[in-house]
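In: here are the coordinates; sequence isn't available:
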């Protein structure tokens, strides 16, 4: 975890344990939203940089990969459309977000050094770790001292070979990896935003 991420996590732990109430809870949600927005933007930037280095015919061929037929995260039970997302409980949205983040802990290492070199070799991994910590704290805050009956449901990670690494000889593997990452960060952003709205009083939460 980065030094800044560690300091933020300590701050969030202090907030979560202080009983400061709804205002502090919303601050924690705001911090999580900012972090996932950054990751979503980095994912989009990776794809843009990747596409800029392709020949036009390769770019056209890869465009047919989307919409994606499969991402590893598709095996995670999650709201699949707007109505389900809006009806999901805060805990379900947060737990689903946590599982999606977990899915990328290993594959994100393949982004290091391949893209975004100006931002540092481990920028995505570190930001994922910070986001995971923040979402974990939000889950604890939402439980409000109650036992977590679903806390041991860590997802086994059944990565397929193409999903584990970038492959310079197969552009579609690398493109699919990045596109799945962008898709999942968008989903996490949506779920955290909805969970945050659900926790706010007198809110009309829509997507």
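Out: Now that the structure is in, tell me what you want to look at. A quick note: this is a predicted structure, and the numbers were derived from the prediction, not measured.

In: Do you know the pLDDT at residue 119?
Out: On pLDDT, residue 119 comes in at 56.

In: now swap in residue 43 and tell me
Out: pLDDT, residue 43: 88.

In: for the one 10 residues further on, same thing?
Out: According to the predicted model, the pLDDT of residue 53 comes to 80.

In: and it, what are its phi and psi?
Out: The phi and psi values for residue 53, taken as degrees, to the nearest 10, are phi -100, psi 10.

In: report the longest helix in the protein, please.
Out: helix 22-52 (DSSP state H).

In: Name the residues of that one that come out as buried.
Out: By neighbour count on 16 or more other C-beta atoms under 10 Å, the buried set for helix 22-52 is 24-25, 28-29, 31-33, 35-36, 38-40, 42-43, 46-47, 50. Quick note: C-beta positions are derived from backbone N, CA and C, even for glycine.

In: And the average pLDDT for the very next helix or strand once past it is what?
Out: In the C-terminal direction, the helix or strand that comes right after helix 22-52 (DSSP states H and E) is helix 56-63. For helix 56-63, mean pLDDT rounds to 78.

In: One more: stretch 123-136?
Out: What stretch 123-136 shows for mean pLDDT is 91.

In: rewinding a little: just list what the longest helix of the chain packs against, helices and strands only.
Out: Contacts defined by 3 or more C-beta pairs under 8 Å, 6 or more residues apart in numbering; DSSP states H and E place helix 22-52 against helix 3-18, helix 123-143, helix 171-199.

In: what do you get if the cut-off is 10 Å, keeping everything else the same?
Out: helix 3-18, helix 56-63, helix 90-103, helix 123-143, helix 171-199 (3 or more C-beta pairs under 10 Å, 6 or more residues apart in numbering; DSSP states H and E).

In: In contact with the nearest residue to residue 44 once chain neighbours are set aside: list those residues for me.
Out: Among residues not flanking residue 44 along the chain, residue 182 sits closest, at 5.9 Å (C-beta to C-beta, 6 or more residues apart in numbering). For residue 182, the contact set (C-beta atoms under 10 Å, 6 or more residues apart in numbering) comprises 39, 40, 41, 42, 43, 44, 45, 46, 47, 66, 68.
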